[in-house]
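Visitor: Provided below are the primary sequence and the corresponding predicted coordinates.
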Amino acid sequence: MKAKERLAIPRVKMPSLAGDYRNKNNEEVNLGLSAEDALRESHRCLDCVNPTCMEGCPVSIHIPTFIKNVERGDIMGAARVIRETSSLPSVCGRVCPQEKQCERTCFYTVKLKKDPVAIGYLERYVADYERKELGKHPEAETRKPESNGVKIAVVGSGPAGLSFAGDMAKYGYEVTVFEALHSLGGVLRYGIPEFRLPNDVVDFEIDRLKALGITFETNCIVGKTVSYEELQEEGFKGIFVGSGAGLPKFMGIPGENLVGVMSSNEYLTRVNLMGAFDPNSETPVSRGKSVAVVGGGNTAMDSVRTALRLGAERAMIVYRRSEEEMPARIEEVHHAKEEGVEFMTLHNPVEYLSDGKGSVTAMRLQRMELGEPDASGRRRSVPIPGDIVEVPVDEVIVSVGVSPNPLIPRTFKGLEVTDRGTIVVTESNQSQLPDVFAGGDIVRGGATVILAMGDGRKAAQGMHEYLSARSKV
Ligand code: FAD
Ligand code: SF4
């Protein structure tokens, strides 16, 4: 096909369930591309000599090669290309903010100022095809590497830990992942709801890692159940810390301790991991009729959309800047609007009010306007003096950021930690303790799945080089 013909093809659209149907259930919103749509989209890729899309991918997937495989109809071949560098393709194809990564640096975006190739949709198409083909045998395409007998421990089974574990297992190490919770996957399991990332997708990716010989131990809190020193005594020659940032932040305003005000971490964990959506569960969650979610990130969008699914009649996003500054993926904002979420941008809560019996009944919001850009490059929001509105609510979910989980930084003596509680690492993700590497949110603060996976890959390479050099001494 000539380049001119490729350039004339419009970008594919992702089919999805109707907003007023899906906002009442947990079914996956995006339906995935059909074979015809995927083929047409693959024709758009120009197979650039210098594929700039790859520069935008933190795990360096060979994007043009996998897309060429799709174009040839060799979808399993495409899957093999993606798996060379990514341990979680069906996850990334669903939740990566591609518009800020590979699709931002695609030739179409950079040079032609046109819609980029839908790299994320194609990645999901390939991964879903592979999952269907392999069915109940996720191990079918996996060759278990020969063991080198060296034991490695991983703290946390989120994307950073899983990506690290996968690469280390491929090098031949005997990897054990220790997970504090009873379920594997980190935020992929307890944070991101099923309507965006179904559990069977996460299960499939973890089963593929198990097929590489990785062992998983749940209900094991490193730093409590087992210490750093005990891991060393048990013969673990390297430890990767991917313990994430699960500590919720609050705003410190009056009324935050009222009944009905909670963090999005608590809300989503209770719903996604503890079955709280079932009113008969042992840990039900309150189901507000008028729910405000404070924040503009993915976590806020997931919370507000979950509130709708739990029966809220009015679900609102309250965000202090404008929609343009929202850190959430564009698709999540768009989907939230389609489902009926109200957006109160340029509003900031200053107080929650109660009925006198301890439950929240209203919030007082300060109206804001945009000022100069701050250190993050986003325009600062500035209060408009005296402009305060009161809005009735019976539930508030606070989603204004997270801090790193503090247990490892506190208990691994000798780790260098920043004043934000993140672990300090070198270029190869090695910490101050030479046998300890770290990556993902515990190093970056709250970031993204693919950045966590990229850290896991870099740390695996770094630890492999470190241990190989030591064994030669
Ligand atoms: P985590 O995923 O947090 O995993 C850390 C794991 O370590 C957890 O399972 C935890 O239980 C375990 N752990 C902690 N301490 C210990 C210990 N002492 N011993 C043993 N185990 C321990 N990013 C995107 O790219 N796209 C999105 O759409 C997106 N949506 C999100 C939605 C929500 C609701 C949230 C909360 C985050 C979202 N993110 C999204 C961000 C993304 O999920 C995180 O950046 C990513 O999961 C970080 O990976 P991680 O492996 O560093 O940590
Ligand atoms: Fe294809 Fe865009 Fe990558 Fe070029 S930059 S190879 S067009 S996906």
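Guide: Arrived safely. Ligands and ions are numbered 1, 2, ... in the order given.
Visitor: ok, which stretches of the stretch 201-350 of the chain are helices?
Guide: 228-233, 264-272, 298-309, 330-338 (DSSP state H, counting those that start in this stretch).
Visitor: Out of the ones you listed, the one nearest ligand 2 is which?
Guide: Set against ligand 2 and scored by CB to the nearest ligand atom, the helices of the stretch 201-350 of the chain come closest in helix 330-338, at 18.4 Å. In short, each C-beta sits where N, CA and C put it, glycine included.
Visitor: circling back: Throw the helices of the stretch 201-350 of the chain into JSON lines and include mean neighbour count and distance to ligand 1, thanks.
Guide: Below are the helices of the stretch 201-350 of the chain laid out as JSON lines (neighbours: other CB atoms under 10 Å; distance: least, CB to the nearest ligand atom, whole Å):
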{"stretch": "helix 228-233", "mean neighbour count": "15", "distance to ligand 1": "10"}
{"stretch": "helix 264-272", "mean neighbour count": "22", "distance to ligand 1": "5"}
{"stretch": "helix 298-309", "mean neighbour count": "26", "distance to ligand 1": "3"}
{"stretch": "helix 330-338", "mean neighbour count": "18", "distance to ligand 1": "7"}
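Visitor: can those go into CSV with extra columns for distance to Val285 and mean pLDDT?
Guide: Formatted as CSV, the helices of the stretch 201-350 of the chain follow (distance: least, CB to CB, whole Å; pLDDT from 0 to 100):
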stretch, distance to Val285, mean pLDDT
helix 228-233, 35, 97
helix 264-272, 5, 94
helix 298-309, 9, 97
helix 330-338, 19, 96
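Visitor: For this structure, what lies in contact range of ligand 2?
Guide: If contact is defined as CB under 6 Å from any ligand atom, the residues of the chain in contact with ligand 2 are 45-48, 51-53, 63-64, 106-108, 117, 119.
Visitor: Format these as TSV; extra columns: distance to Ile450 and neighbour count.
Guide: Formatted as TSV, the entries for the residues of the chain next to ligand 2 read as follows, by distance: CB to CB, whole Å; neighbours: other CB atoms under 10 Å:
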residue	distance to Ile450	neighbour count
Cys45	20	25
Leu46	23	17
Asp47	23	14
Cys48	21	15
Pro51	17	21
Thr52	17	16
Cys53	13	27
Ile63	13	26
Pro64	18	19
Cys106	16	28
Phe107	20	18
Tyr108	20	19
Val117	17	29
Ile119	12	25
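Visitor: which one of those sits closest to Tyr466?
Guide: Of all the residues of the chain next to ligand 2, Tyr466 sits closest to Ile63, with 30.0 Å by CB to CB.
Visitor: is stretch 152-171 anywhere near ligand 1?
Guide: Yes: for a cut-off given as CB under 6 Å from any ligand atom, stretch 152-171 has contacts with ligand 1, namely 155-161.
Visitor: In helices, which of these fall?
Guide: Among the residues of stretch 152-171 next to ligand 1, the members falling in helices are 159-161 (criterion: DSSP state H).
Visitor: where does the protein dip in pLDDT?
Guide: Low-confidence regions of the chain, defined by pLDDT under 70, span residues 473.
Visitor: how about a cut-off of 90?
Guide: Along the chain, the parts satisfying pLDDT under 90 run over 1, 87, 134-145, 273-287, 355-356, 372-380, 446, 470-473.
Visitor: Kindly list the longest helix within it.
Guide: Looking across the chain with DSSP H, the single longest helix is helix 449-472.
Visitor: so how far is Arg6 from Glu99?
Guide: The spacing between Glu99 and Arg6, counted by CB to CB, to the nearest Å, is 21 Å.
Visitor: what's the answer for Ser359, then?
Guide: Separation of Ser359 from Arg6 (CB to CB) stands at 59 Å.
Visitor: likewise Glu256?
Guide: Where Arg6 is concerned, Glu256 sits at a distance of 54 Å (CB to CB).
Visitor: Please apply the same query to Ala375.
Guide: 41 Å.
Visitor: out of these two, which sits in the busier spot?
Guide: Neighbours per residue (other CB atoms under 10 Å) separate Ala375 from Arg6, with Arg6 holding more: 15 against 6.
Visitor: Which single residue in the stretch 301-450 of the chain comes nearest to ligand 2?
Guide: Checked against ligand 2 (CB to the nearest ligand atom), the nearest residue in the stretch 301-450 of the chain is Ile450, 16.0 Å away.
Visitor: Tell me who's in contact with that residue.
Guide: Contact analysis of Ile450 by CB atoms under 8 Å, 6 or more residues apart in numbering lists 57-59, 92, 96, 101, 159.
Visitor: Using a markdown table, lay out these together with secondary structure.
Guide: Output for the contacts of Ile450, formatted as a markdown table (DSSP: H, G, I helix; E, B strand; the rest coil):
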| residue | secondary structure |
| --- | --- |
| Cys57 | coil |
| Pro58 | coil |
| Val59 | coil |
| Cys92 | helix |
| Cys96 | coil |
| Gln101 | coil |
| Pro159 | helix |
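Visitor: Export the residues of stretch 152-171 next to ligand 1 as TSV, with columns for neighbour count.
Guide: Converted to TSV, the residues of stretch 152-171 next to ligand 1 look like this (neighbours: other CB atoms under 10 Å):
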residue	neighbour count
Val155	30
Gly156	31
Ser157	28
Gly158	28
Pro159	32
Ala160	35
Gly161	32
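Visitor: Looking at those residues, which two lie furthest apart in space?
Guide: Val155 and Pro159 (13.7 Å).
Visitor: Spell out which residues are contacts of both of these two.
Guide: Jointly contacting Val155 and Pro159 under the rule CB under 8 Å, 6+ apart are Gly242.
Visitor: still on that earlier bit, tell me which of the residues of stretch 152-171 next to ligand 1 is nearest to Ile75?
Guide: Distances from Ile75 to those, taken by CB to CB, are shortest for Pro159, at 23.8 Å.
Visitor: Could you check how far the closest one is from ligand 2?
Guide: Using CB to the nearest ligand atom, to the nearest Å, we find Pro159 at a distance of 23 Å from ligand 2.
Visitor: how near is that residue to Arg444?
Guide: Separation of Pro159 from Arg444 (CB to CB) stands at 12 Å.
Visitor: overlap in contacts of the two?
Guide: Here Pro159 and Arg444 share the contacting residues Ala452, scored by CB under 8 Å, 6+ apart.
Visitor: In contact with Asp128: list those residues for me.
Guide: If you count contacts by CB under 8 Å, 6+ apart, Asp128 has them with 32, 90, 93.
Visitor: Can you classify the nearest residue to the first one once chain neighbours are set aside as helix, strand or coil?
Guide: I take that to be Gly32. Leaving aside its sequence neighbours, Gly32 sits nearest to Asp128 (CB to CB, 6 or more residues apart in numbering; 5.5 Å). Following three-state DSSP, Asp128 is assigned to helix.
Visitor: Make 130 the starting number, not 1.
Guide: Okay, using 130 as the starting number, the last item reads as Asp257.
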